[in-house]
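[1] Based on what follows, work out the 3D shape:
(chains A and B)
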Number of protein chains: 2
Amino acid sequence: MTGDVSPSAGPSLGPGPAVLAVDVGGTDTKSALVDEAGVVREILRRPTPHDGARTGERVVDEAVEVAAELRARHPDVVPAAVGMVVPGVVDDERGVGVWSENLGWRDMPFADVATARLGVPVSLGHDVAAAGWAEYQLGAAAGYRDALVVTLGTGIAAAVLLDGRPYRGGGLAGEIGHARVADGPDCVCGGRGCLEAVASAAAIARRYTAATGRPAAGSREVLAAADAGDRDAQTVRDEAFDALALGLSHAVALLAPQVIVLGGGLSHAGEALLAPLGRRLDDLLTFHRRPVLLRARLGGDAGVLGAALRARSAVGGAPGGAP
Amino acid sequence: MTGDVSPSAGPSLGPGPAVLAVDVGGTDTKSALVDEAGVVREILRRPTPHDGARTGERVVDEAVEVAAELRARHPDVVPAAVGMVVPGVVDDERGVGVWSENLGWRDMPFADVATARLGVPVSLGHDVAAAGWAEYQLGAAAGYRDALVVTLGTGIAAAVLLDGRPYRGGGLAGEIGHARVADGPDCVCGGRGCLEAVASAAAIARRYTAATGRPAAGSREVLAAADAGDRDAQTVRDEAFDALALGLSHAVALLAPQVIVLGGGLSHAGEALLAPLGRRLDDLLTFHRRPVLLRARLGGDAGVLGAALRARSAVGGAPGGAP
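    Numbers count the residues shown, from 1 in each chain, chains lettered A, B, ... in the order given. The predicted structure follows:
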């Protein structure tokens, strides 16, 4: 039942209350203990329990267990609050996991249930929004006022950070993956030609396989093949980058972000993504505020760090507004 | 030198400081005197002076003259502040008209110059943002938290109102008219296939004339011809509505506004715009928050009312954040 144990990771959060942070993912759940100096003392990674309609309760059981384990190993760190972030549709204000397709819950009152079990205030947030907030406070977008933090993974979604605050739109903001950028293909959401269906890391691999009959483990493999001269891979890559630039250009026209931070699997391509995407944006933009394009800095820890910031914000230990 | 004089118009702003409001347009400038009850006592409309590089100074001269005239006619109303809104690129914080293509100024320090001349604090804002703020506070978007107020006139631009506040993006937010929605035509901004080049009121008239050789005074005429069975008019109209729905669907995916308010010349079509646009949005959206589509309520007075709200906000007489 023990998972990976990693030592202190990532940037310091600075002085504030000690907190426990839990980032519930589709596959794994990461839990981090942060001390009063803002140092992440330990991050634990465990498989997320999957138990049908009871998955929400099991996630809380697991958090209680991990909290006890971390506190036993670090008796000098007494968390004043817990931040928990989950995927799907989240009602931050009521602390409710409204819906998760992957994890199967509906209207799960995480904040109330976990607060009762853990004996300290638990604040619930959305995973993509929390990861974006962490990049905005501690990562690549730090120092910018208006930012988008875009995750290019299985899906495509953005955290929207404006005038120093997160904007959540009732939990439905940032769904740039589901805006039409092409005539096809069909998208899982029921739409057609959605950005996510053309340009997510998963879509790039899927489309390459569909075009060639050859399996691709992921977008990295397709980009490498394109670099090596594979015409099919180049077509899939170029269509993805075109679509991504078009989708981002709409966001630039509307919000004029100073920076767009790219994270998720596809962002591991680094300059092989940023350079061609930047050229395409230059072609699409005229008088607009041209955003700086940067790669996310906090990697897979962004979500759990965002959860820690959220916990601190909930007990008044950090500037307000953490998502 | 006297222009139109209209009696009290539009909604009451509610109790607060008396203010003078000036909305400088490309053709006309509207000035309104608002009393402490929030009643608009009078709106004066005068031609905007055009004097090359000196246009900014002449606009202030004119405001001084109008202020004296209004105060002479309403001696019981003593403005505590002035709100002035202008087109182009505006730096609200510094009170500077950064650039106006139509009116020719560059870096005109309106707020400082007019404050010195008028003897009360003058606050400068952007005309589209101010009109949007007025619709959000007093008009069609009142009661909604997250809103876009879109002007469909010579150009297309949006005011962005989120979580109760205006978002300005350094003066460059809301430029949805300059995002690509089609392969053409060329746009005045230097781009190609911009929403404004296909779907603005001006574009609809221009494209109809280009397609048929027949002059069209405006979009209203083209929509009427389409309703009467003119195939060319139908094509121009349908392409415009398709483009508008596509552009708005990107904004919906990103920001999930609860309401989109449509103003400007094209909005006078009323249901002949709202109904087909709503159907197209329904086709493009899936799980998204579907915004209510409403016609702007304040009409041509939105800008001057927004300027009045801005003036009140500047002297602490209204909730903060007026653009």
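[2] distance of A:Arg220 from chain B?
    According to Cβ to the nearest Cβ, to the nearest Å, A:Arg220 stands 27 Å off from chain B. In this view, the C-beta of every residue, glycine as well, is placed from N, C-alpha and C.
[3] ditto for A:Ala37
    Distance from A:Ala37 to chain B, by Cβ to the nearest Cβ: 33 Å.
[4] do A:Pro215 as well
    Noted for A:Pro215: a distance of 29 Å to chain B, by Cβ to the nearest Cβ.
[5] SS state for that residue?
    Under DSSP: H, G, I helix; E, B strand; the rest coil, A:Pro215 falls in the coil class.
[6] Please name the spatially closest residue to it (chain neighbours excluded).
    Spatially, and ignoring its direct neighbours in sequence, A:Pro215 is nearest to A:Thr209 (5.6 Å; Cβ to Cβ, 6 or more residues apart in numbering or on different chains).
[7] where's the helix or strand the one you found falls within relative to the chain centroid, distance-wise?
    Element membership for A:Thr209, per DSSP states H and E: helix A:201-212. Relative to its parent chain, helix A:201-212 has a centroid offset of 22 Å by Cα atoms, centre = their mean, to the nearest Å.
[8] Alpha carbons of it, in PDB - could you do that?
    Only the C-alpha atoms of helix A:201-212 are listed here, as PDB (Å, rounded to 0.1, in the frame of the first residue of the first chain):
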ATOM      1  CA  ALA A 201      -1.000  15.000 -27.000                       C
ATOM      2  CA  ALA A 202      -3.500  12.100 -27.200                       C
ATOM      3  CA  ALA A 203      -5.000  13.400 -30.500                       C
ATOM      4  CA  ILE A 204      -1.600  13.600 -32.100                       C
ATOM      5  CA  ALA A 205      -0.800  10.000 -31.300                       C
ATOM      6  CA  ARG A 206      -4.300   8.800 -32.300                       C
ATOM      7  CA  ARG A 207      -4.400  10.700 -35.600                       C
ATOM      8  CA  TYR A 208      -1.000   9.400 -36.600                       C
ATOM      9  CA  THR A 209      -2.100   5.800 -35.900                       C
ATOM     10  CA  ALA A 210      -5.300   6.400 -37.900                       C
ATOM     11  CA  ALA A 211      -3.400   7.900 -40.800                       C
ATOM     12  CA  THR A 212      -0.700   5.200 -41.000                       C
END
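[9] list the helices and strands it packs on?
    Packing contacts for helix A:201-212, counted by 3 or more Cβ pairs under 8 Å, 6 or more residues apart in numbering or on different chains; DSSP states H and E, involve helix A:195-199, helix A:219-227, helix A:231-255.
[10] how far off helix A:219-227 does it point, in degrees?
    50 degrees (axes from the mean of the first three to the mean of the last three Cα atoms, to 10 degrees).
[11] what does the domain assignment say about chain A?
    The record assigns chain A these domain ranges, following automatic domain parsing: A:4-131+A:301-314, A:143-296.
[12] would you list those in a markdown table and tack on mean pLDDT and mean neighbour count?
    Listed next are these as a markdown table, based on pLDDT from 0 to 100; neighbours: other Cβ atoms under 10 Å in any protein chain shown:
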| stretch | mean pLDDT | mean neighbour count |
| --- | --- | --- |
| domain A:4-131+A:301-314 | 92 | 21 |
| domain A:143-296 | 96 | 21 |
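[13] For my notes, confirm A:Gly97 occurs in a strand.
    Yes - A:Gly97: assigned to a strand according to three-state DSSP.
[14] Please report the distance of the closest residue to it other than its chain neighbours from A:Ser100.
    Spatial nearest neighbour of A:Gly97, excluding adjacent residues (Cβ to Cβ, 6+ apart): A:Met108 at 4.2 Å. The spacing between A:Met108 and A:Ser100, counted by Cβ to Cβ, to the nearest Å, is 8 Å.
[15] what do you get for A:Glu69?
    Taken as Cβ to Cβ, the span from A:Glu69 to A:Ser100 is 25 Å.
[16] Equivalent analysis for A:Ala307, please.
    16 Å.
[17] Strands along chain A, start to end?
    Using DSSP state E, the strands of chain A run over A:4-6, A:19-24, A:28-34, A:40-47, A:81-86, A:89-91, A:96-99, A:106-108, A:122-126, A:147-152, A:156-162, A:165-167, A:259-263, A:292-295.
[18] now the angle between strand A:28-34 and the second one, please.
    Between the axes of strand A:19-24 and strand A:28-34, defined by the same axes, to 10 degrees, the angle is 170 degrees.
[19] what lines up beside strand A:19-24 in the sheet?
    Strand pairing for strand A:19-24, using DSSP bridges, gives strand A:28-34 (antiparallel), strand A:81-86 (parallel).
[20] Mind checking the ones you listed for the one nearest to A:Ala225?
    strand A:28-34 (28.7 Å; Cβ to Cβ).
[21] Can you tell me which residue of the stretch 1-150 of chain A sits closest to chain B?
    Closest contact between the stretch 1-150 of chain A and chain B, by Cβ to the nearest Cβ, is at A:Asp146 (5.7 Å).
[22] for chain B, what are the nearby residues on the stretch 51-200 of chain A?
    A:146, A:158, A:160, A:162-163, A:165, A:167, A:169-170, A:172-180, A:187, A:189-191 (Cβ under 8 Å from any Cβ of the partner chain).
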